[in-house]
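Novice: Need a 3D model of the sequence below.
(2 chains)
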Amino acid sequence: MSQGPILELRGINKSFGPVQVLHDVAFSVHPGEVTALVGDNGAGKSTLVKCIGGIHPIDSGEYLFEGERVHVSGPRDAAELGVEIVYQDLALCDNLDIVQNMFLGRERKSGLVLDEDTMEEMAAKTLAGLSVRTVKSLRQHVSSLSGGQRQTVAIAKAVLWNSKVVILDEPTAALGVAQTAQVLELVRRLADRGLAVVLISHNMNDVFAVSDRIAALYLGRMAAQVKASEVTHSQVVELITSGRSGELGIGNGIGAAS
Amino acid sequence: MTTETLPKQENADSAIGSHVKGYIERVRGGELGALPAVFGLIILCVVFAVLRPSFLSALNFANLFTQGAAVAVIAMGLIFVLLLGEIDLSAGFASGVCAAVLAVLLTFQGWPWYLAVLTAMVTGAVIGLVLGSLVAKLGIPSFVVTLAAFLAFQGVVLLLVKNGTNISIRDETVLAIANKNVPPAAGWIATAVGVAAYAALQLVQARRRAARGLVAAPMAVIAARVAALAVIAGAAVYMLNLERSRTAIVSLKGVPIVVPLIVILLIIWTFVLRRTAYGRHIYAVGGNAEAARRAGINVDRIRISAFVICSFMASIGGIIAASRANSVDPNTGGSNVLLFAVGAAVIGGTSLFGGKGRALDAVLGGAVVAVIENGMGLMGYSAGVKFVVTGSVLLLAAGVDALSRKRSAATGR
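Specialist: Model (predicted):
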């Protein structure tokens, strides 16, 4: 894929009071690719994601979407652009069923009444499109699903809205081996359908299993953004822990190469 | 495409089978729904009928409805607050305040009944608006806000009825609510229309879903639902249409006017909770407020509106109570009304933990509470024993709620 990035951030700065969390961060996401965002605890991954999602306003820097400068000042703006974030704690309501969760806050209505049938159809189509066959009924409560199935529902919810960029915050952190494989497969399928996927993960195996590009944050700076095929496992670990690895990283004058 | 994730429509027999199996699975998973209330109601009715045959008399049967009406209506409003995982301890005295407003306007100010009733209902809504704003905007726990309101409203009722006297109500229309009956023929017609409308609605829905390839309720299940409604409603109307006057001079028969009133409220709130986005958002906030917030739902507004509905329903409950007692005194809406209303909601199957409950729970639970109150009265037990028993039943219901929650957590994940 040699298309330009669908989402591009340049020179992003973000401070919380006296603490500067992001320093001049550049980050780009390409359609049809999985971009892994890695970094140690406190490197600024979550802050960066929340800036993209409009939850934190950025202090300075450019936010480009499909090549154009945009201003994202809230989650609604991001959703309108087609940017969806699947948070680590999933944000599903246990007491609602799969369809109800997928359409939460954006219910289809005919007049005053909820259009349950259309919603159920759309949910079924989305899940089928993702080749999800593990759920028994779309009308079962989310509380009765396994961790992997819940993650699937959360991802399907994000995909339902013809979104263009899906950001997954540690989707496999709480999952077992088989379910992790399931979710990673789903992540790959999203990218193959042409979506731009950002995967935040601590697990190098997961990162190398599905990513096309790897962006490493180190203490609030983008240490490097490289093709996954061009780096090794240990190089990425070095980038995460010390911000540099041989030619790559901060301090070699290269900064954030995309 | 759609059939990929859905069980295929099989032949009728296995469709019914899977429907029944699904229900059993849900019950075993801790979703008891109305089962405890229905079983409790049947057991209580059998016990009281055996011990006191007069329990089954037409007069007593009608009494049950007017006795439980106010509590059931207040409970219906409380369910909205309970669905959010909050509590409104002031609902009882809020109904008292609204009843007192009604009585003062009717009897002292000579207002026409419709203006007085309207003002009482607006009073309820305003009370809810204040309580809800304090909870949602200031962030004071609802327990504390409504406990304070509980005390304050008790005082307001005292002030309104001028320290301990009572205000009698003479307005014919207001008195009719709990004391007059629907003509027997009208009762039958309304029942027939209601059952037919229910059947039509179910059929249309099932056909529409089947036409779109979605899983629809099998015909037999629909038939069973319609038949159950027809039998229950028919039996109730038959009992209420029996002559219950003890003298030959005045005739007393027909469905008490409060019954259609409750049915209408039940239909409205069931519709709101099940079929509108607003209702869906109430469940969402009760289930996971953070998820609801991220989904773009205005959580504060939902919270406030639930308290408004609760106090508004309390005002209707207060009007019914005033109508039944023919007067308002400092105890209207006091003593056991709130406990009974919370008990009714919980016994009916509404969870105190939020996120689970239906408008119907208030009616089922209200029936259980009314039967206990009524039956034990017939048995000649003192008020003390009644309180102890009702308190125990509430505790039992809350225990069932907590256990079923534990069970669904254990089988769920």
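Novice: Alpha carbons of stretch B:157-165, in CSV - could you do that?
Specialist: What follows is stretch B:157-165, C-alpha atoms only, in CSV (Å, rounded to 0.1, in the frame of the first residue of the first chain):
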residue,chain,number,x,y,z
VAL,B,157,-47.1,17.8,54.8
LEU,B,158,-47.6,18.8,58.4
LEU,B,159,-47.4,22.5,57.5
LEU,B,160,-49.8,22.1,54.6
VAL,B,161,-52.5,20.3,56.6
LYS,B,162,-52.1,22.7,59.5
ASN,B,163,-50.5,20.5,62.2
GLY,B,164,-52.3,17.2,62.5
THR,B,165,-55.8,17.9,61.4
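Novice: Give me the mean pLDDT for it.
Specialist: Throughout stretch B:157-165, pLDDT has a mean value of 82.
Novice: One more: stretch B:348-358?
Specialist: For stretch B:348-358, the mean per-residue pLDDT is 90.
Novice: pLDDT below threshold where in the stretch 151-258 of chain A?
Specialist: The model of the stretch 151-258 of chain A has pLDDT under 70 over residues A:251-258.
Novice: show me where it has strands.
Specialist: A:165-169, A:196-200, A:213-218, A:221-227, A:244-245, A:248-249 (DSSP state E, counting those that start in this stretch).
Novice: Okay, angle between the first one and strand A:196-200 too, please.
Specialist: Relative orientation of strand A:165-169 and strand A:196-200, computed by axes from the mean of the first three to the mean of the last three Cα atoms, to 10 degrees: 10 degrees.
Novice: Then the longest one?
Specialist: Computed with the same axes, to 10 degrees, the direction of strand A:221-227 lies at 130 degrees from that of strand A:196-200.
Novice: May I have strand A:221-227 exported as CSV, CA atoms only?
Specialist: Provided in CSV are the C-alpha atoms of strand A:221-227 (Å, rounded to 0.1, in the frame of the first residue of the first chain):
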residue,chain,number,x,y,z
ARG,A,221,8.6,11.6,22.1
MET,A,222,8.2,9.5,18.9
ALA,A,223,11.4,7.5,18.9
ALA,A,224,10.8,6.0,15.5
GLN,A,225,8.1,5.0,13.2
VAL,A,226,9.3,2.1,11.0
LYS,A,227,8.0,-0.7,8.8
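Novice: rewinding a little: would you format the strands of the stretch 151-258 of chain A as TSV with mean neighbour count and distance to chain B included?
Specialist: All C-beta atoms are positioned from the backbone trio N, CA, C, and that covers glycine. Output for the strands of the stretch 151-258 of chain A, formatted as TSV (neighbours: other Cβ atoms under 10 Å in any protein chain shown; distance: least, Cβ to the nearest Cβ, whole Å):
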stretch	mean neighbour count	distance to chain B
strand A:165-169	24	12
strand A:196-200	26	17
strand A:213-218	26	24
strand A:221-227	23	27
strand A:244-245	20	36
strand A:248-249	22	35
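Novice: Using CSV, please lay out those together with distance to A:D59.
Specialist: Formatted as CSV, these follow (distance: least, Cβ to Cβ, whole Å):
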stretch, distance to A:D59
strand A:165-169, 20
strand A:196-200, 21
strand A:213-218, 17
strand A:221-227, 15
strand A:244-245, 26
strand A:248-249, 24
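Novice: residues contacting A:D212?
Specialist: A:M1, A:H30, A:E33, A:V34, A:T35, A:A191, A:K227, A:A228 (Cβ atoms under 8 Å, 6 or more residues apart in numbering or on different chains).
Novice: nearest spatial neighbour of it, skipping sequence neighbours?
Specialist: A:E33 (4.0 Å; Cβ to Cβ, 6 or more residues apart in numbering or on different chains).
Novice: Return the nearest residue of the stretch 151-258 of chain A with respect to chain B.
Specialist: A:K157 (9.0 Å; Cβ to the nearest Cβ).
Novice: pLDDT score for the residue positioned nearest the centre of chain B?
Specialist: Taking Cα atoms, centre = their mean, the centroid of chain B lies closest to B:A362, which sits 2.6 Å from it. Model confidence at B:A362, given as pLDDT, is 93.
Novice: how close does it sit to chain A?
Specialist: 19 Å (Cβ to the nearest Cβ, to the nearest Å).
Novice: what's the neighbour count on B:L266?
Specialist: 18 (other Cβ atoms under 10 Å in any protein chain shown).
Novice: cool, B:W188 as well?
Specialist: Look at B:W188: counted by other Cβ under 10 Å, it has 16 neighbours.
Novice: can you pull the contacts of it?
Specialist: B:V237, B:N241.
Novice: Need phi/psi at the residue nearest to A:D212.
Specialist: With angles defined as degrees, to the nearest 10, A:E33 sits at phi -130, psi 150.
Novice: From what I see, it and A:G194 are in contact.
Specialist: No: in this structure, A:E33 is not within contact of A:G194 by Cβ atoms under 8 Å, at 9.8 Å.
Novice: Who has more neighbours out of these two?
Specialist: Legend: neighbour count by other Cβ under 10 Å for A:E33 and A:G194, higher for A:E33 (22 against 13).
Novice: Tell me the residues of the stretch 251-400 of chain B that contact chain A?
Specialist: B:275-277, B:280-281, B:283-284, B:286-288, B:290-292, B:294-297, B:355-356 (Cβ under 8 Å from any Cβ of the partner chain).
Novice: State the number of residues packed around residue 161.
Specialist: As the question left the chain open, I've gone with chain A. 15.
Novice: should've been chain B
Specialist: Neighbour number of B:V161 under other Cβ under 10 Å is 22.
Novice: do you know how far it is from B:T332?
Specialist: Using Cβ to Cβ, to the nearest Å, B:V161 is found at 8 Å from B:T332.
Novice: Do a quick rundown of the strands in chain B.
Specialist: Assigned by DSSP state E, the strands in chain B fall at B:167-168, B:181-182, B:255-256, B:327-328.
Novice: I meant to write the stretch 1-150 of chain A there.
Specialist: Using DSSP E, counting those that start in this stretch, strands in the stretch 1-150 of chain A cover A:7-16, A:19-29, A:34-39, A:60-65, A:68-69, A:83-86, A:109-110, A:113-114.
Novice: in the second one, what's buried?
Specialist: Buried positions in strand A:19-29, judged by neighbour count with 16 or more other Cβ atoms under 10 Å in any protein chain shown: A:V21, A:L22, A:H23, A:D24, A:V25, A:A26, A:F27, A:S28, A:V29.
Novice: Run a quick check on B:A99 versus B:R324, I expect a contact.
Specialist: No: the pair B:A99 / B:R324 is not scored as a contact, 10.4 Å apart, by Cβ under 8 Å.
Novice: what about the two, which has more around it?
Specialist: Using other Cβ under 10 Å as the criterion, B:A99 and B:R324 rank with B:A99 on top: 33 against 18.
Novice: Walk me through the domains of the chain.
Specialist: As the question left the chain open, I've gone with chain A. Here the domain assignment for chain A is A:1-82+A:164-258, A:91-162, based on automatic domain parsing.
Novice: switch to chain B, that's the one I care about
Specialist: B:38-176+B:258-406, B:181-256.
Novice: between the contacts of A:D212, which is closest to A:R106?
Specialist: Nearest to A:R106 among these: A:A191, at 24.0 Å, using Cβ to Cβ.
Novice: how many neighbours does that closest one have?
Specialist: A:A191 has 22 nearby residues by other Cβ under 10 Å.
Novice: OK, contacts around it?
Specialist: A:G32, A:E33, A:V34, A:V197, A:V210, A:D212.
Novice: Find the pair from those with maximum spatial separation.
Specialist: Maximum pairwise distance in the contacts of A:A191, criterion Cβ to Cβ, is 12.8 Å, between A:G32 and A:V210.
Novice: So the two - more neighbours on which side?
Specialist: For A:G32 versus A:V210, neighbours defined as other Cβ under 10 Å are more numerous around A:V210 (22 against 16).
Novice: how far away is the more buried one from A:P171?
Specialist: Counting by Cβ to Cβ - A:V210 and A:P171 are separated by 11 Å.
Novice: who touches both of the two?
Specialist: Joint contacts of A:V210 and A:P171 (Cβ under 8 Å, 6+ apart) are A:V187, A:L199.
Novice: Settle this for me: the residue of the stretch 151-258 of chain A closest to chain B is touching A:Q100, isn't it.
Specialist: No: using Cβ under 8 Å, A:K157 is not in contact with A:Q100; the gap is 10.6 Å.
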